[in-house]
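>>> below is the sequence, then the predicted model.
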Amino acid sequence: MYPVIKLKPGKDVPIKAGHPWIFSEAIAQDHHGQSGDLVRIESAQAEPLGIGTWNGKTSIRVRILSRDPNELIDELFFSKKFRQLAAWKESRLPPETNGYRLVHAEADGLPGLIVDRYDETFVFQLHTAGMDRFRNTIVSALTSAFHPAAIVERSDLDVRRLEGLADQPTGIVHGSFVGPIPFKEAGITFLADVLNGQKTGFFLDQRNARLAAGRYAHNKRVLNLFGYTGAFSVHAIKGGASFVTTADVSHAALELAQKNFEINGFDPENESRCQFLEADVMELMQETSLPEGPYDLIICDPPAFAKSERHLKQAVKAYTDLNAACLKQLDPGGILVTSSCSGRLEPEAFRSLLRIAAGRANRNARLLEWIIQPVDHAERLAFPEGRYLKTAILEVTE
């Protein structure tokens with residue numbers, strides 16, 4: 001039997017609605033065990049609410065793993081969850097897609113755990129003290145559920161320090177591979193640098209925005225800002241773009257972008273429809289005339305400018321200035337695909353700053369599409385804290 005955590009009166013309502021967190025102020029009496037302990041949660045009336053992991057070092061004291069108070073949290077629990085998630089998500093992905101997020105932490109009922117799948121290679125991250133205790137169990141469960149070619153751990157995360165955890169070295173914990181991992185997204189092949197790339201090796205969450213950009217790219221000159229490994233650019237050229245510039249400050253990222261072109265049948269050395277521009281995007285967009293411009297379609301997918309609440313004001317200014325610069329470069333009929341992955345920036349606040357940006361650029365624009373997280377990163381209704389990604393597709397009208 002796990003230690004019992006009893007809640008204060010009325011504090012059980014969010015849990016019953018599906019929220020996975022219990023904060024310190026909701027608990028009638030603290031548990032004095034170790035961070036990562038499994039605990040049983042009960043209401044003030046002793047009604048069993050489920051099982052979660054405990055951390056006395058953070059304001060989020062408990063993260064719910066199961067609503068069943070009698071569930072055994074073991075390898076079978078994880079492997080069953082993994083198989084269920086794979087079946088549900090794979091049935092909803094675009095055809096010819098074998099790169100997706102298998103486990104999206106709280107949104108998928110496994111707080112503190114991220115698992116991304118790149119064909120037969122799996123990459124996981126452990127964010128919390130509770131999940132950190134299950135490292136070996138998770139590896140065993142992934143192995144038994146999928147018989148993967150390789151499993152990689154990428155728990156090199158700042159958030160672990162808030163949980164009282166040290167960084168875990170990146171490495172292969174099962175199987176082997178050489179070089180970036182090829183996988184498919186809607187029939188297009190990409191390479192994921194699962195050992196050294198950002199996140200787990202690829203930005204899987206921008207799939208819907210990339211598919212949309214590909215649809216709008218036909219016969220257009222495209223500028224992909226913060227292009228990283230060129231995923232938006234490949235979708236654009238496959239969609240019939242007349243020219244594509246991929247701009248990024250990282251030389252290594254642009255080298256991988258060129259490989260992503262090559263693997264899809266476009267030779268960057270002999271392809272007159274593409275260029276790879278090593279540049280600081282913020283400085284580049286201050287130029288009056290862009291290299292190989294003007295452009296008909298600009299893609300702006302910057303890194304998260306607001307990683308914490310104290311950065312939000314500065315981030316809003318940066319997003320506004322950047323989008324104003326992009327809109328200024330577009331003539332009537334031009335399209336801007338612009339994103340923010342800052343969870344601290346609410347969707348309506350993003351829309352608001354885009355309106356301000358349009359005013360500063362002296363551009364009138366219509367909203368063609370509003371894109372949120374894809375199905376494998378889906379938001380839970382009871383957990384709005386998991387909402388972070390938003391993309392607006394704007395058309396300049398005058």
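Everything's here; your move.
>>> and the strands in the stretch 201-350 of the chain?
Counting by DSSP state E, counting those that start in this stretch, the segments of the stretch 201-350 of the chain that form strands are 221-225, 243-248, 274-278, 297-300, 335-340.
>>> dump the first one to CSV, keeping only the CA atoms.
Think strand 221-225. Extracted in CSV, the C-alpha atoms of strand 221-225 (Å, rounded to 0.1, in the frame of the first residue of the first chain):
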residue,chain,number,x,y,z
ARG,A,221,9.4,32.5,-53.7
VAL,A,222,9.8,31.3,-50.1
LEU,A,223,11.9,32.5,-47.3
ASN,A,224,12.2,30.1,-44.3
LEU,A,225,13.5,32.0,-41.3
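>>> how many neighbours does the nearest residue to residue 320 once chain neighbours are set aside have?
Of all residues beyond its chain neighbours, the one nearest residue 320 is residue 353 (4.6 Å), with distances taken as CB to CB, 6 or more residues apart in numbering. C-beta here means a position set from N, CA and C on the backbone, and glycine is covered the same way. A count of neighbours around residue 353, defined by other CB atoms under 10 Å, yields 22.
>>> residues contacting the strand or helix carrying residue 353, please?
With elements delineated by DSSP states H and E, residue 353 resides in helix 347-360, which encompasses its position. When contacts are taken as CB atoms under 8 Å, 6 or more residues apart in numbering, the neighbours of helix 347-360 outside the stretch itself are 316, 319-324, 326-327, 338, 340, 364-365, 387, 390, 392, 394.
>>> same deal with stretch 187-198?
When contacts are defined by CB under 8 Å, 6+ apart, stretch 187-198 is touched by residues 95-96, 99, 118, 121, 123, 152, 154, 170-172, 179-184, 200-202, 228-229, 231, 234-235, 238, 256, 259-260, 263-264.
>>> in helices, which of the contacts of helix 347-360 fall?
316, 319-324, 326-327 (DSSP state H).
>>> now the helix holding residue 353, how far from the chain's geometric center?
22 Å (CA atoms, centre = their mean, to the nearest Å).
>>> outside of the helix or strand bottoming out on mean pLDDT in the chain, which residues touch it?
With mean pLDDT, DSSP states H and E as the measure, the helix or strand of the chain carrying the lowest mean pLDDT is helix 159-162 (a mean of 88). Outside of helix 159-162, the residues that reach it under the criterion CB under 8 Å, 6+ apart are 58, 126-127, 132, 166-168.
>>> ok, which stretches of the stretch 1-150 of the chain are helices?
13-17, 75-90, 129-132, 135-146 (DSSP state H, counting those that start in this stretch).
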